[in-house]
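A.B. asks: give me a model of this one.
(chains A and B)
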Amino acid sequence: MITDSTLMVDLFLLTLACFGVGALGALSAAGSPALARIVGHVSALLGAISALTFGVAGLVGGTMELNIPDLLPVGGAAFGVDRLSAFFVLVIAVGAIPAALYAIGYTREYAEKHSLAGIGFAFNIFIVGMILIPLARNVLTFLALWELMSLASYFLVITEHEREDTLSAGWVYFVMTHAGFAALFLGFLLLAQTTGSMHFAEWSAAAAHLGPDTRNLVFVLLGIGFGSKAGVIPLHIWLPRAHPAAPSHVSALMSGVMIKVGVYGLLRVAFDWLGAGPLWWGGMMLIVGAVSGVLGVLYALVDPDLKRLLAYSSVENIGIILLGAGAAMLFQATQLSGLAALALVATLYHTLNHAAFKSLLFMGAGAVLHATHTRNMEELGGLIKRMPQTAALFLVGSLAIAALPPFNGFISEWLTFQALLSSFQISAHTVNLIFALGVAALALTSGLAVACFVRAFGITFLALPRSDRAEHAREVEWTMRAAMALLALVCIVLGVAPSLVLTPLEAIVFDLTGAHADMRFNLTAVVANGEFGWVAPLWIGLGLVMFLLAIPLALRLLGANQRQRFYETWGCGRALQTARFEYTATAFANPFKRVFTVLYRPIKDLDIEFHPESRYFVRTIEYYNEGRLIFEDAIYRPLLGVIETLARRARVLQSGNVHSYLVYILVALVALLIFAV
Amino acid sequence: MFTKIAIEILQLLIVALGSPLLVGVIRKAKARLQGRRGAPIFQPYADIRKLFSKEVVVSENSSWLFRFTPYLLATTMLLAALIVPVLTTSAPLAFMGNIIALMYLFLLGTFFLALAGLDAGSAFGGMGSSREVAIAALAEPTVLIAIFGIALRAGTTSLDGMIIRFAAEPLLMLNAGHLLAFFAFFIVTLAENGRLPVDNPATHLELTMIHEAMILEYSGRLLALVEWAAGMKLFLFLTLISNLFFPWGVALSNTPSALTIAFLALALKLLLFAGAIALLETAVAKLRLFRVPELLAGSFTVALLAVVTSFFLK
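C.D. replies: Coordinates of the predicted model:
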């Protein structure tokens, strides 16, 4: 047990110093892109390692209280740490360490067109902003850091600002993130006003005495604010635009880590600031999670853009995380706090896991982009032979995100299932039914995720290359591979040795729910909810390795024919085999497009130009088949329409006449005075 | 210690060696029902032996993944054989996973097989992979909801625990919910194992194949492994259904007499299921691919009903 808070403060200041040096060093090295690149990213790497240490120290019980009175108005800047904060710092560091390492190599080619000083500066500010948010202890500190994180990430998103689509993605991100900020701001002000305190520490005691209407309103406002950062459907529209547009190491951070800051906020609201609420809070959270999970993966499944596919899959994983969180809230509301703690353990575990495998996958996609200069899966293929290490690492990430044993995604989804299935202990039919639908949604999500990542890996890396770019791809440099290897290792270790994570997680959820999670575990096995379910991932892993070694050996001993000959793929006797014969990403997704037509509502267009002599010969075929985005069509477009109409109406006020503007000022002043009296 | 190892080895051998026989019996029964004499029931052994002695021809386009997948498939099935209570509810390695872990282990195999289908760069393989993962994904909710349906009555998701509970209190199974869960699980078994009406294991017309299209490029010992693994998967699924829904005969203690009874009971139950599948495959035609989701949606509804009835009849 660490009680020495000076160690924590030292680590905290060291982290700040590293990122400070990184940010300012990158700026001052603006003249030399190579220097700016190295200084900016190496400092960030050191800062992230320091943050990891801080997180671990916080998880084993280190505490810290730090107030800087003059830095901000109304109470100054206040920082502190508890186990939940420390865990999220750790999650951020797990994403940031490899991202910084990866960036050293990845940003090399940005030197020609873009300012590496700017990239390095924004990168450091972005990470330090994220790390500080969970540590903020009053309203103004929190909001200032929130804005810092959002702005820094916005500038990183528009790094490739010469591209039209990047700018428009950045714009959508900018607007959505500030809409979310507005909701947060209102929620915070309401809570601060009604509880009479700007300090988070005093909220949980005071919020219990608020009226139900106020509590509901605060929950909804903060839910929208944090939910939009987490990227839940229907507030997700910025995510699949902004994440792919950013440079890949930033995409990895945004998808792997930044959206988790939203999850942090949601957990804080539900388990600390407001405390246990009515049933519908948890039910709402669970339903939003279920919808985000299923729809997120369905959109990922049909997208031909590798990075956008990964972005949609982040929406899906946030859905899985919120399914766990919603279940925990429902258990809490029905006084089953042991199960609430179990569900919360699953939630936090998946949060950490997603940070590892999503960062890995985005970096893999970045490596592919780096080597081929395309994100379009229809132009990829055959990379497993050209980039064997990247391919193997991407495969690990795909297996982990598809929740297959013995990788880390499996154990957290398994825990989520155990928590959801344990819901039969609740005796309220509506709640039971919500849980049953949650089980079905999670099952469908994980099944579709398998399909999605078979497609992502299979089309990108297997068979023949579909374009010259893929044909001439080369393996990427070692910093990028090392970063991915690090994350792949994390995916495996977290998968086979859950006790490493479960011990600290149990302490966190004990702090939050006041109950011990309904589970037991040792080095190899996890038992959930009494004897309800068990799994031993380490043994599964060992069993897989053992049989994989034993079977070829046995075949050899039994005298199976070991000869092997390479020959062309069989194709009904046609003369040549080209990449044109391969199944495409679009074709692969077609069964899903047909089954879920209601959702995709695809626009199909088939243009065939026949040979003038005979209709049996075709000159050109043009096939167009794109899905529509229902949320954009159903919610955002009408909303934009309303805003535009209002703006046009308001134009009447803008006469351009100085005298009338003076009248406006006078009227406004008088109105304010009357209002004040 | 010795008995423990012996029991696991026994389970492994039953699954590994029994699965070709199961396939042979189904084929024979089907042939007789269709008025043919059919191949001997031991034909699958001869087929596997023949394939093992043949040279492997591998597509030039494919990668290590293509050659690795058959080994992984066989591995997942053998590992599953250690977990599934084939004979006894006290298999020493059953602690490796509950029914959910088992289902994910099967998915691991599906994942790799679907990748292998894409690896050779043939349109057939891709078609098979795409359809296979579509069916697997759509079957997943049914699987989990059916599991939910039985777990909430048994109070556990551990395979052994469910069987012990149902064997001790057979009345638990005597309600509509259990029957519905059984139907849902049976349909999923057909879908997951590429049987009619979802996929035709006997077809060799490329455009209608699913599982067979995926493995079209395999030959020699790799094909033998894939076929053997497919047989084991069917064996394990049917064993699971037999022992979960009809737990009679499963050894609750590891005495030689109990194990013998368990073996005979298992043989009988599998024989009945083999007959049922043969009958079904004779009676129904293959569904069009895009009708399969309707079948799976139907089975999902049945599974959900199973859960709902258990809540209301609690």
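
A.B. asks: near chain B, which residues of the stretch 551-677 of chain A?
C.D. replies: Within the stretch 551-677 of chain A, the positions near chain B by C-beta under 8 Å from any C-beta of the partner chain are A:551-552, A:555, A:558-572, A:577, A:579, A:581-583, A:587-592, A:594-595. In short, each C-beta sits where N, CA and C put it, glycine included.

A.B. asks: and those, which of them are in strands?
C.D. replies: Those of these mapping onto strands are A:564-567, per DSSP state E.

A.B. asks: name the member of these with the most neighbours.
C.D. replies: When neighbours are counted by other C-beta atoms under 10 Å in any protein chain shown, residue A:564 leads these with 14 neighbours.

A.B. asks: so which residue of the stretch 1-150 of chain B comes closest to chain A?
C.D. replies: Nearest residue of the stretch 1-150 of chain B to chain A (C-beta to the nearest C-beta) works out as residue B:126 at 2.2 Å.

A.B. asks: hang on, residue A:80 in a helix?
C.D. replies: No. Under DSSP: H, G, I helix; E, B strand; the rest coil, residue A:80 sits outside any helix and is assigned strand.

A.B. asks: what's the nearest residue to it if we skip its chain neighbours?
C.D. replies: Nearest non-adjacent residue to residue A:80, counting by C-beta to C-beta, 6 or more residues apart in numbering or on different chains: residue A:137, 4.4 Å away.

A.B. asks: next, count neighbours for the residue of the stretch 1-150 of chain B closest to chain A.
C.D. replies: Neighbours of residue B:126 using other C-beta under 10 Å come to 29.

A.B. asks: I'd like to know which helix or strand in chain A has the lowest mean pLDDT.
C.D. replies: strand A:618-626 (a mean of 78; mean pLDDT, DSSP states H and E).

A.B. asks: note down every partner strand of that one and its orientation.
C.D. replies: Note on strand A:618-626: by DSSP bridges, its sheet partners are strand A:603-610 (antiparallel).

A.B. asks: now the partner strand: average pLDDT?
C.D. replies: Strand A:603-610 carries an average pLDDT of 80.

A.B. asks: which other residues reach stretch B:154-166?
C.D. replies: A:418, A:421, A:531-534, B:83-85, B:89-91, B:94, B:98-100, B:102, B:147, B:150-151, B:172-173, B:240, B:243-244, B:247, B:250, B:252 (C-beta atoms under 8 Å, 6 or more residues apart in numbering or on different chains).

A.B. asks: which residues of the stretch 151-300 of chain B lie near chain A?
C.D. replies: Counting by C-beta under 8 Å from any C-beta, the residues of the stretch 151-300 of chain B close to chain A are B:151-152, B:155-158, B:161, B:206, B:216-217, B:220-221, B:224-225, B:289-290, B:293, B:300.

A.B. asks: looking at these, which are in helices?
C.D. replies: Of those, the ones assigned to helices by DSSP state H are B:151-152, B:161, B:220-221, B:224-225, B:293, B:300.

A.B. asks: ok, of the residues you listed, which one's closest to chain A?
C.D. replies: When these are compared against chain A (criterion: C-beta to the nearest C-beta), the nearest one is residue B:152, at 3.7 Å.

A.B. asks: ok, the spatially closest residue to the closest one that is not a sequence neighbour - contacts?
C.D. replies: Spatially, and ignoring its direct neighbours in sequence, residue B:152 is nearest to residue A:424 (3.7 Å; C-beta to C-beta, 6+ apart). Neighbour list for residue A:424: A:432, B:148, B:151-152, B:311 [criterion: C-beta under 8 Å, 6+ apart].

A.B. asks: so among those residues, where is pLDDT lowest?
C.D. replies: At the low end of pLDDT for the contacts of residue A:424 is residue B:311, which has 78.

A.B. asks: contact partners of the host helix or strand of that one?
C.D. replies: If you go by DSSP states H and E, residue B:311 is part of helix B:292-312. The contact list for helix B:292-312, computed with C-beta under 8 Å, 6+ apart, reads A:424, A:429, A:432-433, A:436, A:440, A:595, B:134-135, B:138-139, B:141-142, B:145-146, B:148-149, B:152-153, B:175-181, B:183-185, B:187-188, B:191, B:197-198, B:287.

A.B. asks: against residue A:62, how distant is the residue sitting furthest away from the middle of chain B?
C.D. replies: What lies farthest from the middle of chain B is residue B:60; by C-alpha atoms, centre = their mean that is 31.8 Å. Distance of residue B:60 to residue A:62, given as C-beta to C-beta, to the nearest Å: 58 Å.

A.B. asks: which residue ranges form the helices in the stretch 201-350 of chain A?
C.D. replies: Using DSSP state H, counting those that start in this stretch, the helices of the stretch 201-350 of chain A run over A:203-207, A:212-230, A:239-245, A:248-253, A:259-268, A:279-302, A:306-333, A:337-372.

A.B. asks: among the ones you listed, which is nearest residue A:143?
C.D. replies: Nearest of these to residue A:143, taken as C-beta to C-beta: helix A:212-230 at 10.2 Å.

A.B. asks: so which elements touch the closest one?
C.D. replies: helix A:164-195, helix A:259-268, helix A:279-302 (3 or more C-beta pairs under 8 Å, 6 or more residues apart in numbering or on different chains; DSSP states H and E).

A.B. asks: try it again with 6 Å
C.D. replies: Helices and strands touching helix A:212-230, by 3 or more C-beta pairs under 6 Å, 6 or more residues apart in numbering or on different chains; DSSP states H and E, are helix A:164-195, helix A:259-268.

A.B. asks: can you tell me the helix or strand for the residue of the stretch 1-150 of chain B closest to chain A?
C.D. replies: Here residue B:126 is assigned to helix B:123-154, by DSSP H and E.

A.B. asks: how far away from the center of its chain is that helix?
C.D. replies: 12 Å (C-alpha atoms, centre = their mean, to the nearest Å).

A.B. asks: and stretch B:219-229, by the same measure?
C.D. replies: 17 Å.

A.B. asks: okay, now the unreliable bits of the chain?
C.D. replies: Let's take chain A. Residues of chain A that meet the criterion pLDDT under 70 lie in A:1-4, A:575.

A.B. asks: wait, chain B was what I had in mind.
C.D. replies: Scanning chain B for pLDDT under 70 picks out the ranges B:204-207, B:314.

A.B. asks: ranges for the helices of it?
C.D. replies: Using DSSP H, helices in chain B cover B:2-33, B:43-52, B:64-83, B:99-119, B:123-154, B:159-168, B:176-192, B:211-214, B:220-245, B:256-283, B:292-312.

A.B. asks: before we move on, back to that, buried subset of the contacts of stretch B:154-166?
C.D. replies: Among these, those classed as buried by 16 or more other C-beta atoms under 10 Å in any protein chain shown are A:418, A:421, A:532-534, B:83-85, B:89, B:91, B:94, B:98-100, B:102, B:147, B:150-151, B:172-173, B:240, B:243-244, B:247, B:250, B:252.

A.B. asks: I'd like the distance between whichever residue of the stretch 551-677 of chain A sits closest to chain B and residue B:129.
C.D. replies: Residue nearest to chain B within the stretch 551-677 of chain A: residue A:583 (2.2 Å; C-beta to the nearest C-beta). Residue A:583 sits at a distance of 7 Å from residue B:129 (criterion: C-beta to C-beta).

A.B. asks: now residue B:29
C.D. replies: 30 Å.

A.B. asks: for residue B:111, same thing?
C.D. replies: Distance from residue B:111 to residue B:129, counting by C-beta to C-beta: 10 Å.

A.B. asks: same thing with residue A:242?
C.D. replies: Distance from residue A:242 to residue B:129, by C-beta to C-beta: 32 Å.

A.B. asks: fine, thanks again, bye for now.
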